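Engineer: Sequence first, then the predicted structure, then my questions.
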Amino acid sequence: MSMRMLLPTSFAVCETSGDIPAALPEFESVVTTSAQAARRAEFATGRWCARRALGDLDPAAAHQAVPVGDDRAPVWPPDVVGSITHCTGLRSAVVARRRDVVAVGVDAEPARPLPLDAVEVILRTNERQYAESALSTVVFTVKEALFKAWWPLTRTWLDFQQARVTLGDGTADVDVLTAHPDWPTGRAQVRWSMHDGLIRTAVWIPAEP
């Protein structure tokens with residue numbers, strides 16, 4: 001199952017299992033010149049996916065760069081929301097128009113349990129039931145994806161303990177336990193999958209009808 005299967009048709013999605021030997025635009029690649037080769041390839045492929053997704057959304061944007069902002073987050077075109085994720089075996093980017101989607105975050109991780117030293121940091125009491133299975137990492141990806149959606153709207157930190165996750169069958173309920181005037185309450189949609197050894201998770205907020 002790809003990230004495409006988790007998201008509404010308003011999203012454009014690009015996903016690949018390996019790195020693409022494609023050059024980055026100059027003002028994207030400047031942030032990776034001091035990184036190790038594997039990190040540069042990972043970064044480049046994530047941006048390649050982002051441009052492909054943008055091109056699917058709007059052919060005129062197919063070659064538009066997605067630079068890194070001062071906060072280290074991707075800088076999307078003004079009328080677009082998007083998110084990028086990468087892990088071993090997956091690079092993925094999703095985008096949508098702001099008129100359809102308020103915010104989005106995606107995350108992916110290998111399907112294995114969280115390390116024991118991460119459980120207390122990441123999982124709340126109600127989430128400890130998942131601690132010994134790969135579902136613990138599903139909870140982690142939900143919180144990571146939630147933060148990617150939260151940050152562009154609020155520009156404030158969201159700790160792992162400030163979100164409470166209850167997993168369903170490929171879905172999740174997520175409660176943000178801190179208030180912010182720019183975060184739309186009660187509207188976050190969550191979908192996740194565990195397939196071929198990978199967890200994929202998407203969190204998004206649809207625009208008001």
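Structural biologist: Received it, and whenever you're ready, just let me know what you need.
Engineer: which strands and helices sit next to the host helix or strand of C14?
Structural biologist: Per DSSP states H and E, C14 falls inside strand 12-16. Applying 3 or more Cβ pairs under 8 Å, 6 or more residues apart in numbering; DSSP states H and E, one finds that strand 12-16 makes contact with helix 37-57, strand 90-97. All C-beta spots, glycine's among them, are computed from the backbone N, C-alpha and C.
Engineer: Identify the residues contacting it?
Structural biologist: By Cβ atoms under 8 Å, 6 or more residues apart in numbering, the residues outside strand 12-16 that reach it are 2-4, 7, 45, 48-50, 52-54, 56-57, 90-96.
Engineer: Then stretch 117-124?
Structural biologist: L114, R128, Y130, A131, S136, V139, F140, K143, F160, Q161, R164, V165.
Engineer: so where is this protein shaky, pLDDT-wise?
Structural biologist: The chain contains residues with pLDDT under 70 at 23, 26-27, 29-35.
Engineer: List the contacts of P110.
Structural biologist: Taking Cβ under 8 Å, 6+ apart as the contact definition, P110 lies against C87, T88, G89, T137, G197, L198, I199.
Engineer: which of those sit farthest apart?
Structural biologist: Taking Cβ to Cβ, the two most distant members of the contacts of P110 are G89 and T137; they sit 14.2 Å apart.
Engineer: so which strand or helix has the residue nearest the centre of the chain?
Structural biologist: Nearest to the geometric centre of the chain sits V106, at 2.0 Å (Cα atoms, centre = their mean). Here V106 sits within strand 101-110, counting by DSSP H and E.
Engineer: Equivalent analysis for G186, please.
Structural biologist: Using DSSP H and E, no helix or strand contains G186.
Engineer: That's all I had, so thanks and see you.
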